[in-house]
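# need coordinates for the below:
(one chain, ligands or ions: 1)
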Amino acid sequence: MPRPPPPSIPSPSAPPAPKPPIASRYANSGALPGRRLAATHGGGHVAGLRGAMLRGLRRRWAAYRYRFVPWLALNLRRQRRTLRYVPESSQDKIITDEAVLETLLRAFAALFASDLGRQAPVLAARPEIGRKYGEPEPGRCEEAARGPQEVLFQALGFGLARRHSSLPAAGTGVFLSRGGARRGAVVAMYPGTVYRKHEPIFFQSLGNPFIFRCIDGVLIDGNDKGLSRAVYRSCSRRDQLGPFQMSDVSWLTAAPQNPLAVGQYVNNCSYEKAANVCYQEFDVPSCFPVELKQYLPNIVYSHDIQSPLRCVVLVTLRDIKQGEELLSNYYTVIN
Ligand SMILES: C[S@@+](CC[C@H](N)C(=O)[O-])C[C@H]1O[C@@H](n2cnc3c(N)ncnc32)[C@H](O)[C@@H]1O
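Numbers count the residues shown, from 1 in each chain. A predicted model of the protein is given here:
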């Protein structure tokens with residue numbers, strides 16, 4: 001089975017990053033929004049109308065071509081030439097699993113400690129957890145009052161915001177709204193229900209641009225609306241163990257308690273704007289503290305298959321400054 005390698009971190013001397021649109025990380029790729037033509041009258045508008053139609057067609061083609069096999073085959077041959085510089089070592093992971101785990105634990109522990117008041121049921125069930133995080137301090141209470149974004153900024157040095165994309169007709173995007181992130185940093189997570197191979201996703205997938213495909217065929221449905229939303233909430237409720245929540249449902253709202261859980265809104269790079277983040281898969285280890293699972297924005301669809309919880313994080317490919325939009329590459333090359 002061909003396996004797409006993850007994107008590499010380009011070295012300063014390397015040629016510009018390839019744009020290898022062969023297999024999309026999104027199961028329903030190509031659903032770029034069309035634009036409706038305004039009604040015009042009179043001969044003077046004919047040329048304008050023709051121009052608008054051509055632009056519309058060009059946009060539709062740009063969205064559709066990734067599903068047009070002859071175009072893919074042609075580009076695969078072109079990309080092979082440019083891909084030779086990709087170092088072997090980068091074909092696995094951009095950063096180690098330990099580094100991902102360390103970042104998640106740092107962020108989640110800060111979120112937990114900043115909000116010990118709300119964690120009362122957890123602390124009542126397991127008092128030793130409270131001792132681990134210490135008593136609430138006045139400063140920490142202030143942090144909680146300022147919200148999870150402030151806690152994330154204190155813990156990781158950046159803040160994120162969802163707002164109108166800097167790319168034309170790309171809808172909402174994710175921006176580094178505060179601070180900065182160094183190359184190789186975890187800056188976001190891809191939330192959603194995790195479907196292993198052969199688990200039923202047909203109805204949830206209809207017209208859904210938020211389905212992310214992992215290298216091994218696992219799918220993550222990051223849609224926060226409709227059936228996808230209902231399935232996620234239901235699985236989350238199913239897995240709750242007394243006061244311990246095994247996942248975060250707040251990413252379905254406008255104010256997630258884990259501010260990293262906005263990766264599903266990261267847009268695809270363009271020819272003018274290169275990708276500055278890439279996706280990296282991460283399986284949650286069994287040693288993950290039970291009290292911090294409430295910040296994980298993923299849940300398995302079923303327990304028929306026993307395997308670690310799959311998460312996907314977004315890792316920076318270069319230093320990112322305040323105000324920059326996060327852009328990934330939805331497409332990867334199959335070797
Ligand atoms: C996973 S969603 C990303 C969030 C999306 N922008 C939104 O507002 O919901 C993927 C969809 O975003 C849009 N999109 C992503 N990158 C784009 C780009 N470079 N140009 C135009 N549309 C883009 C397409 O509609 C695509 O189907």
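# could you find the closest non-adjacent residue to A113?
For A113, the nearest residue in space outside its immediate sequence neighbours is Y133; the separation is 4.5 Å by Cβ to Cβ, 6 or more residues apart in numbering. C-beta coordinates here come from the backbone N, C-alpha and C atoms, glycine included.
# what sits against that neighbour?
By Cβ atoms under 8 Å, 6 or more residues apart in numbering, Y133 lies in contact with 109, 112-113, 116.
# any chance of JSON lines for the residues you listed, columns neighbour count?
Converted to JSON lines, the contacts of Y133 look like this (neighbours: other Cβ atoms under 10 Å):
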{"residue": "A109", "neighbour count": "17"}
{"residue": "F112", "neighbour count": "21"}
{"residue": "A113", "neighbour count": "19"}
{"residue": "L116", "neighbour count": "20"}
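# distance of the closest residue to S307 other than its chain neighbours from A185?
Spatial nearest neighbour of S307, excluding adjacent residues (Cβ to Cβ, 6+ apart): R196 at 7.0 Å. For R196, the distance to A185 (Cβ to Cβ, to the nearest Å) stands at 29 Å.
# could you check which of those two is surrounded by more residues?
Set side by side, R196 and A185 show more neighbours around A185, with 20 against 17, by other Cβ atoms under 10 Å.
# please identify the residues of the stretch 201-335 of the chain in proximity to the ligand?
Taking Cβ under 6 Å from any ligand atom as the test, the list of the stretch 201-335 of the chain residues beside the ligand reads 209-210, 264-265, 267-268, 270.
# try it again at 5 Å.
Among all residues of the stretch 201-335 of the chain, those adjacent to the ligand (criterion: Cβ under 5 Å from any ligand atom) are 209-210, 265, 267-268, 270.
# now those in TSV, with distance to N276, secondary structure and pLDDT?
Output for these, formatted as TSV (distance: Cβ to Cβ, whole Å; DSSP: H, G, I helix; E, B strand; the rest coil; pLDDT from 0 to 100):
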residue	distance to N276	secondary structure	pLDDT
P209	21	coil	94
F210	20	coil	95
Y265	15	helix	97
N267	11	strand	96
N268	12	strand	95
S270	12	coil	92
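# and the two most separated of the residues you listed?
Maximum pairwise distance in these, criterion Cβ to Cβ, is 19.6 Å, between F210 and S270.
# of these two, who's got more company?
Regarding F210 and S270, a neighbour count based on other Cβ under 10 Å identifies F210 as having more, with 21 against 15.
# quick one, what contacts that one?
Taking Cβ under 8 Å, 6+ apart as the definition of contact, the neighbours of F210 are 26, 192, 221-224, 228, 264.
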